[in-house]
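S.K.: Generate coordinates for the sequence data below:
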Amino acid sequence: LGFRQDYLYQLQDEPGSTQVFIGELHMKGDFVKFNNNGGSVNKAEHRAHCEIAQAFSHFTFDESHRELLVVDIQGVPAVDEKTGGIKLHLTD
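M.R.: Numbering: from 1, shown residues only. Below is the predicted model of the structure:
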């Protein structure tokens, strides 16, 4: 499970007018939504990756003492070239 580095940009178009946005590096591969706010899990196409995403959702719920739950997990499924293990690169 990995997270991409985000970058905060501020652009000043003219004096007193600033636009702010966040960007991240390009991720190679197909972008997939692993789970969503409605409880759906994309197991048909990406079962092993979705199991990791679901475990992360459960971890956030458990660690926050049942106060928070991170869902709507999306990113690029991958396989580690060295170990053959499953990797997730998550994004917002």
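
S.K.: C-alpha from now on. contacts and neighbour counts both.
M.R.: Fine.

S.K.: any residues touching stretch 7-27, and which ones?
M.R.: Residues from elsewhere that reach stretch 7-27, judged by CA atoms under 8 Å, 6 or more residues apart in numbering: 4, 5, 6, 76, 89.

S.K.: Look up how far residue 36 lies from the most centrally placed residue in the chain.
M.R.: Centroid-nearest residue in the chain, with CA atoms, centre = their mean: residue 90, separated by 2.6 Å. Residue 90 is 14 Å from residue 36, where distance means CA to CA, to the nearest Å.

S.K.: tell me, what's touching the two both at once?
M.R.: residue 73.

S.K.: Output the lowest mean pLDDT helix or strand found in the protein.
M.R.: strand 2-3 (a mean of 70; mean pLDDT, DSSP states H and E).

S.K.: Show me what the mean pLDDT comes to for the helix or strand just after that one.
M.R.: Remark: after strand 2-3, the chain's next helix or strand is strand 6-14, criterion DSSP states H and E. Mean per-residue pLDDT for strand 6-14: 89.

S.K.: now swap in stretch 82-92 and tell me
M.R.: 86.

S.K.: What is the end-to-end distance of that stretch?
M.R.: 27 Å.

S.K.: what residues does it touch?
M.R.: Contacts of stretch 82-92 (CA under 8 Å, 6+ apart): 1-4, 27, 48-49, 73-80.

S.K.: make it 6 Å
M.R.: Stretch 82-92 is contacted by residues 1, 2, 3, 74, 75, 76, 77, 78, 79 when judged by CA atoms under 6 Å, 6 or more residues apart in numbering.

S.K.: Now render the residues you listed as CSV, adding distance to residue 12 and neighbour count.
M.R.: Below are the contacts of stretch 82-92 laid out as CSV (distance: CA to CA, whole Å; neighbours: other CA atoms under 10 Å):
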residue, distance to residue 12, neighbour count
1, 36, 12
2, 32, 10
3, 29, 11
74, 31, 19
75, 30, 21
76, 32, 18
77, 36, 22
78, 37, 16
79, 41, 12
